[in-house]
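J.: model this:
(2 chains)
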Amino acid sequence: MTGRIELPQGTLDLLILRTLLPGPQHGWAISERVQQVSSEVLSIQQGSLYPALHRLERRGWIKAEWGTSDNNRRAKYYELTRTGRKQLDAETEAWRKLAVAVEQVLEGA
Amino acid sequence: MLDDLRYRTRALIHHKQIEDELDEELRFHFDRQVEKLMRSGMSEQEAKRQARLSFGGHEQVKEDCRDARGTGLIELTIDDTKYALRQLVANPTFAIVMIATLALSIGANSAIFSVINGVLLKRLPYDQPERLVRVFLTSQEFPKFPLNPWDFLDFRARNHSFESMAAFTRGDVQLSGDGEPVRLNGFGITSGYFRVLGLHPQLGREFDFQAEVPGNGLQVVLSDRLWRTRFGADPNIIGRKITLNMQPFTVIGVMPPGTEHPGNVYHSVAYGESVDVWWPFSFGGNSNQRGSHYIEGIARLKAGVSVQQAHDEMNAIMAQIGREHSADGTGWRVLLIPLYSEVVGNTRRMLLVLLGAVGIVLLIACANAANLLLARASARQREIAVRLALGAPRLRVIRQLITESLIISLTGGVLGLALAFGGVRGLVSLLPADFPRAHDIHVSWPVLGFTLLISVLTGILFGLAPALQASHTDPKTGLQQGSRSSTATRPQNRLRNALVVAEVSLACVLLIGAGLMLRTFLNLLHLNPGFSEDRVLTASLSLPHQRYKTGEQTAQFYSRLSSTLSQLPGVVSAGAGSDLPWTGYDENNGGWTIEGKKPDPHNETHARYHMATPGYFSAMGIPLLEGRFFTEADKKGAPWVLIINWAMAQKYWPGEDVIGRRISFEDNPKKDEDWMTVVGVVGDVKDQPNSPAAEPAFWWSEYQASESDMSIAIRTQSDPRQVADGLRNAVHQLDPELAVADIKLMNQVADASISTPRFTFVLVGLFAALAVVLAGIGAYGVIAYTVAQRSTEFGLRVALGAQRGDLLRMVLVHSAKLAVPGTIIGVALALSLGRVMQTLIYGVSTADPLIYGCVILMVPAVALLASYVPARRAARADPMQTLRAE
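T.: Model (predicted):
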């Protein structure tokens, strides 16, 4: 569990949207994927994952559909919508700018 | 935005499906996590434990998801409501008892509030009514007195405080011409009267200033009611001549429906739409005659002028008038009373007392409901413990329980409102005769709002304590205890006991209040009225001055009428008086001289005055104490005679023989005919049944003083109603154009004058009875519950040799421990609240030992009675059954 860091506010939505970019995923896969890709640094607790999914769905950035999982069980798959894709672009852009700016400040100080 | 709305709506509609899906989704996640952990080499048990740990509260996650969907609050409420309804249906007795008691008490509150809303809260039906004031005079002797017409004209001409000012005086008029003549309720008004009130005729116009001049005043404005009932709402009525008091009056206007006259204190005209006609008041006579006071003032303050400012200015004017007309004006000051206070008068205190009483009933009902909920909450401890263990936040449990109590209270409120509709109709029919604004009392929007508000407050009030208590349940002990018969914790028991103590004390307060009202009412009923009201028929007549121009004509009319009436079959005696007992008096008369006594400059002589025909006193049953009654010989030309009451004899000739004493109304009596001789002393009749004592009063002989408006009194051997036709015929034989008005039994007249205490007594008594029953139910509930809780203990005690009598005593002692402190607190509370009742009671002290004694005995007795059934049950405890159950 060491090495993990807390997610800054608002980052969770970005991570979820980005994880869904390649294609539809169910909740568990999203959290697994984030953990894997971030080399176990980032981990999304269920307590925040599912409310976030419901929130994104309400905003119309993702939509949900029931499908069958790799182990042959019914699972709810989330998929980016067109507005979700736009939102992802915008948020990625904003995040990059922020990261560069923060980096510059850190370098310059 | 639209998406959002669509999403939320769908979430609400497909609520159940979405919840199920969420469950499935979370379960899927959980299972995958367990699988993953097991793959890493964990045992299944360990994997599940780890997964559960990382998952956090399942309930909490679901809660957060609902919030994220943005429908959390609504969904929760729907959930809670469904759940609460299931709980109530599962336990119908509980639900019915609670809802019924709440419906009764909320209904009673709404009904009383309807009265308060109509009478105290609703604005008077005039434009900017807060600027309206009534104008009176006041002096040391007379706290509230009418104005002199010439003073009024000076007030109006000289003041700068009022936008407009007007005066009026009441008078009966006869409408004849077509059909049976009727007597109408009329007002002579000065110009500006309607302007002051901000009212305009719906047809025609109001009087112009010219009409204030004598002889120019044969004009009349009709009320909407009279226009419709008597003239068929004729649109061409304006300009038509109608016969009032046998003179042709021209109709110049019709007022809109609901035009209300703003009260009249001297003749106690019922406030409201009681006026039929208005005619222009004529200023006659000499502007230097400032002694007679018989008109009432009303004025509209200029914007921004306070009552106090106007008051100061008016008194400066009054002082000026006093200097200009030194004969009068000394000692008079102007009194301004805001119209609202004048209209609402004394009913305000009575209504607030009633609201307090009915509020107490509601509080007791709340305490009962809280008690029932507490009992149930402890029975539901296990369920609550499970929910807390599953991660439900405490707030969530409280919400759930409050939702339940709100459903109960709102259902009670809806039923209560239905009761209030009926209750208000009943209340209005019970209202005292002179109750102000009775036609304004309805179940209206403000009443609906009030009912909703108290329903919600009630639900929170009785739901909160049990909910807080229950949510404190420790999941662990809750589960352990819940596994067997549930047991209340100590603080729960303490709270329940405290609630019953509170109920008992509140019921005591109400009972004491009801006792005071009962004694007041009985005192008034059994009071020696000074007359005898049984088998007396009364009516009123007024002889128009146009036909009965001279005193002789009036005297002759009443003399002939009296003799005809006396000869009717079954009539014991008949007569006429200027007024009937307890209906008020005309005016005070002061400043007369007593022969042979030095006038006291600081204490002006005064007495009520009346007129009577010879038969009046025996018809009314007023006893003759000394001397004689009037005779037919006491007429114009004969020496002036007076009959005085006992109070007058005692005040002005204490301990002396008064027959033959003389008084004079002349400033400087010289001649023999300036003096009036006392020929008789009659028993005292108070102005009102609840007046502290009778005021000095005297009667002139009607045949000498010749008052044209008289009340007829006929005493009969049997049912006095049988002479009503005889009375009408007798009057119409003498004058077919006269209206015989207000035919009533003297019983009814006397009854009306005690209708206010009766009304208060009936209501407070009703509320007190309700309170006692509710408190009894409360005591029963708590004792029965305790007995059930302690059944094991009782069984053991019996097994160990306790006598049944011991158990009975134990339970009754517990009940006494609630009743005795409750009664003590109640008595203390009632003693400190006694002041509030002061003006409502008569002939009884607010600390009446008899009432307190009865309540102190009665309340604990009721509490013991209520606990007797559970006590018997405890005493029947079966040791074998208890031991087996253990």
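J.: buried ones in the lengthiest helix in chain A?
T.: The longest helix of chain A (DSSP state H) is helix A:82-108. For helix A:82-108, the neighbour count (16 or more other C-beta atoms under 10 Å in any protein chain shown) marks A:84, A:87, A:88, A:91 as buried. For glycine as for every other residue, the C-beta is placed from the backbone atoms N, C-alpha and C.
J.: which strands and helices sit next to that helix?
T.: helix A:11-20 (3 or more C-beta pairs under 8 Å, 6 or more residues apart in numbering or on different chains; DSSP states H and E).
J.: tell me which residues in the helix it packs on are buried?
T.: For helix A:11-20, using 16+ other C-beta under 10 Å, the buried residues are A:12, A:13, A:14, A:15, A:16, A:17, A:18, A:19, A:20.
J.: measure the third one to residue A:59 for me?
T.: According to C-beta to C-beta, to the nearest Å, residue A:14 and residue A:59 sit 13 Å apart.
J.: most centrally placed residue in chain B?
T.: residue B:351 (4.0 Å; C-alpha atoms, centre = their mean).
J.: re the thing from before, with the buried residues of helix A:11-20 in mind, which one is nearest to residue B:773?
T.: residue A:12 (60.5 Å; C-beta to C-beta).
J.: quick one: pLDDT of the closest one?
T.: At residue A:12 the predicted local confidence, pLDDT, stands at 87.
J.: now swap in residue B:183 and tell me
T.: 85.
J.: which helix or which strand is home to it?
T.: strand B:182-189 (DSSP states H and E).
J.: ok, now which ones touch the residue nearest the centre of chain A?
T.: In chain A, the residue lying closest to the centroid (C-alpha atoms, centre = their mean) is residue A:16, at 1.6 Å. Residue A:16 is in contact with A:30, A:34, A:44, A:49, A:52, A:53, A:56, A:62, A:78, counting by C-beta atoms under 8 Å, 6 or more residues apart in numbering or on different chains.
J.: how near is it to residue B:688?
T.: For residue A:16 relative to residue B:688 (C-beta to C-beta), the value is 84 Å.
J.: try residue B:59
T.: Plainly put, residue B:59 is 70 Å away from residue B:688 if you go by C-beta to C-beta.
J.: the strand ranked longest in chain B - contacts with which helices or strands?
T.: In chain B, assigned by DSSP state E, the strand with the most residues is strand B:162-176. In terms of contacts (3+ C-beta pairs under 8 Å, 6+ apart), strand B:162-176 is packed against helix B:149-158, strand B:182-189, helix B:193-197, strand B:241-244, strand B:277-280, strand B:296-301, strand B:536-542.
J.: JSON lines please, covering these and showing distance to residue B:514.
T.: Shown next, in JSON lines, are these (distance: least, C-beta to C-beta, whole Å):
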{"stretch": "helix B:149-158", "distance to residue B:514": "47"}
{"stretch": "strand B:182-189", "distance to residue B:514": "37"}
{"stretch": "helix B:193-197", "distance to residue B:514": "40"}
{"stretch": "strand B:241-244", "distance to residue B:514": "49"}
{"stretch": "strand B:277-280", "distance to residue B:514": "44"}
{"stretch": "strand B:296-301", "distance to residue B:514": "38"}
{"stretch": "strand B:536-542", "distance to residue B:514": "32"}
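J.: I'd like those laid out as CSV, including mean neighbour count and distance to residue B:796.
T.: Below are the helices and strands packed on strand B:162-176 laid out as CSV (neighbours: other C-beta atoms under 10 Å in any protein chain shown; distance: least, C-beta to C-beta, whole Å):
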stretch, mean neighbour count, distance to residue B:796
helix B:149-158, 19, 88
strand B:182-189, 21, 79
helix B:193-197, 22, 80
strand B:241-244, 18, 91
strand B:277-280, 24, 86
strand B:296-301, 25, 79
strand B:536-542, 23, 74
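J.: any chance of those in CSV, plus distance to chain A?
T.: Listed next are the helices and strands packed on strand B:162-176 as CSV, based on distance: least, C-beta to the nearest C-beta, whole Å:
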stretch, distance to chain A
helix B:149-158, 72
strand B:182-189, 70
helix B:193-197, 60
strand B:241-244, 76
strand B:277-280, 69
strand B:296-301, 60
strand B:536-542, 79
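J.: ok, which residues in chain A are in contact with chain B?
T.: Taking C-beta under 8 Å from any C-beta of the partner chain, the part of chain A that reaches chain B is made up of A:26-28, A:31-32, A:45-48, A:50-55, A:57-60, A:66, A:69, A:71, A:73-76.
J.: grab the nearest non-local neighbour of residue A:18.
T.: Leaving aside its sequence neighbours, residue A:18 sits nearest to residue A:88 (C-beta to C-beta, 6 or more residues apart in numbering or on different chains; 6.2 Å).
J.: residue B:104: what's it in contact with?
T.: B:365, B:416, B:419, B:770.
J.: if you rank those by neighbours, which is first?
T.: residue B:365 (30 neighbours; other C-beta atoms under 10 Å in any protein chain shown).
J.: next, work out how far apart that residue and residue B:569 are.
T.: 58 Å.
J.: residue B:769 too?
T.: Taking C-beta to C-beta, one finds residue B:769 at 47 Å from residue B:569.
J.: from the chain's centre, how far out does the least confident helix or strand in chain A by mean pLDDT sit?
T.: Least confident helix or strand, chain A: helix A:46-59 with a mean of 85, by mean pLDDT, DSSP states H and E. Offset of helix A:46-59 from its chain centre (C-alpha atoms, centre = their mean, to the nearest Å): 10 Å.
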